[in-house]
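Trainee: Return a 3D structure for these sequence lines:
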Amino acid sequence: MTTLDIETLKSWIGRSERHSAVIRPDPMAMMSATLGGSADLPRDGTPLPAAWHWLYFLKPTPRGDLGLDGHAALGEFLPPVALPRRMWAGGCFDFRKPIRIGESVNKVSSISKIERKSGRSGELCFVTVRHELFVADELRLIEDHDIVYREDTAVTQSAPLPPGGAEMRETVIPDPVLLFRYSALTFNGHRIHYDADYCRDVEGYPDLVFHGPLTATLLLDLATRRAGKRALAKFSYRALSPLFVDKPFTIALRFDGQDRLILWAETPEGRLAMSAEAQL
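Mentor: Numbers count the residues shown, from 1 in each chain. Predicted coordinates:
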């Protein structure tokens, strides 16, 4: 059992970093092609689909600065949480105005919350990072990103059942090429997405793990298509159970009132992999 020095970790709250990027057309075209869409380069002024800003502001961490899991070593911007497993737990978006191809965007990231909890997998530490994206002085997007750190103990609890009443359902085939391309597009070195031996021998997963942010991106795309001409105002999501390579899963949506969409991803066994909610 690891004992976290939570007071020391909380001293990271308020720490911030800044990055800038020009929203180039190439990553958008490559992401579209990866998801089966057009590979044509978008024109300047084309709105970036929701969450596709994750293709930009990528940090080129040198190989020698990576940890065993392929992520950047801790203790610089992110706090040095003394737990070996790091996962994308969820987050929420406040969409103010679209970000467009050709714009220069400034991203301000800050540690907003650090919490210690206990679960069936042992000790947990949740770190929330707030990202604010600006074009000139105009705030376009606020994202709160939740990261969870946990012990090596295997998680065996069963995920809950998904909600019913879906009006849209689609099957996703998580083949190895899709996982590889998304890791490449987001410069994601986490070995759970490409190193099957590491997944089984170190992290205890049966096979390669499908990316949590890609699941959220697919749910956002489903919400955008259902919204039609209406814009998404807010979106929140929570990862509950992993999805794996070559195991087809389902994404679904239910309209729940005038301005609210309930969304989810189901495991092949019919359990809840990710829950989400969109506000129009």
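
Trainee: Please count neighbours and contacts with C-alpha atoms only from this point.
Mentor: Noted.

Trainee: Let me know the helix or strand that the most centrally placed residue in the chain is in.
Mentor: Central residue of the chain (CA atoms, centre = their mean): residue 213, 2.6 Å from the mean position. Under the criterion of DSSP states H and E, residue 213 resides in helix 212-227.

Trainee: what's the burial count for residue 12?
Mentor: 21 (other CA atoms under 10 Å).

Trainee: Name the SS class of it, please.
Mentor: Using DSSP: H, G, I helix; E, B strand; the rest coil, the structure places residue 12 in coil.

Trainee: Give me the contact list for the helix holding residue 213.
Mentor: With CA atoms under 8 Å, 6 or more residues apart in numbering as the test, helix 212-227 has contacts from 49-52, 88-89, 182, 231-232, 235, 237, 239, 242, 251-253, 261, 263-265, 274, 276, 278, 280.

Trainee: okay, it in CSV with CA atoms only?
Mentor: Backbone C-alpha positions of helix 212-227 (Å, rounded to 0.1, in the frame of the first residue of the first chain) are rendered in CSV as follows:
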residue,chain,number,x,y,z
GLY,A,212,-10.7,6.9,-23.5
PRO,A,213,-10.5,10.3,-25.2
LEU,A,214,-11.3,8.6,-28.6
THR,A,215,-14.4,7.1,-27.1
ALA,A,216,-15.4,10.6,-25.8
THR,A,217,-14.6,12.0,-29.3
LEU,A,218,-16.9,9.4,-30.9
LEU,A,219,-19.7,10.3,-28.5
LEU,A,220,-19.2,14.0,-29.2
ASP,A,221,-19.5,13.3,-32.9
LEU,A,222,-22.7,11.3,-32.3
ALA,A,223,-24.1,14.3,-30.3
THR,A,224,-23.1,16.8,-32.9
ARG,A,225,-24.9,14.8,-35.6
ARG,A,226,-28.0,14.5,-33.5
ALA,A,227,-28.0,18.2,-32.6
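
Trainee: Name the residues of the very next helix or strand once past that helix that come out as buried.
Mentor: Later in the chain than helix 212-227, the nearest helix or strand by DSSP H and E is strand 234-239. Burial within strand 234-239, assessed by neighbour count using 16 or more other CA atoms under 10 Å, is assigned to 234, 235, 236, 237, 238, 239.

Trainee: quick one, phi psi at residue 9?
Mentor: phi -60, psi -40 (degrees, to the nearest 10).

Trainee: so who does residue 267 touch?
Mentor: By CA under 8 Å, 6+ apart, the contact set of residue 267 is 241, 242, 243, 248, 249, 250, 273.

Trainee: Quick one: the strands in the stretch 51-200 of the chain, in order.
Mentor: Ranges of strands within the stretch 51-200 of the chain are 85-95, 104-119, 122-135, 138-150, 168-172, based on DSSP state E, counting those that start in this stretch.

Trainee: Among these, which comes closest to residue 195?
Mentor: Closest to residue 195 of those is strand 85-95 (CA to CA; 15.4 Å).

Trainee: Strand partners (parallel or antiparallel) of the closest one?
Mentor: According to DSSP bridges, strand 85-95 forms sheet pairs with strand 138-150 (antiparallel), strand 234-239 (antiparallel).

Trainee: and the helix or strand of the chain with the lowest mean pLDDT, what does it pack onto?
Mentor: In the chain, no helix or strand scores lower on mean pLDDT, DSSP states H and E than helix 6-10, which sits at a mean of 86. On a contact count with 3 or more CA pairs under 8 Å, 6 or more residues apart in numbering; DSSP states H and E, helix 6-10 meets strand 104-119.

Trainee: What lies in contact with the strand it packs on?
Mentor: Counting by CA under 8 Å, 6+ apart, 4, 6, 9-10, 12-23, 57, 78, 123-136 sit against strand 104-119.

Trainee: In this protein, where is pLDDT below threshold?
Mentor: Within the chain, the segments meeting pLDDT under 70 span 1-3, 73-76, 119-121, 153-157.

Trainee: what number of residues lie near the nearest residue in space to residue 66 that is not next to it in sequence?
Mentor: With CA to CA, 6 or more residues apart in numbering as the criterion, residue 66 has its nearest non-adjacent residue at 4.4 Å, and that residue is residue 72. By other CA under 10 Å, 21 other residues sit near residue 72.
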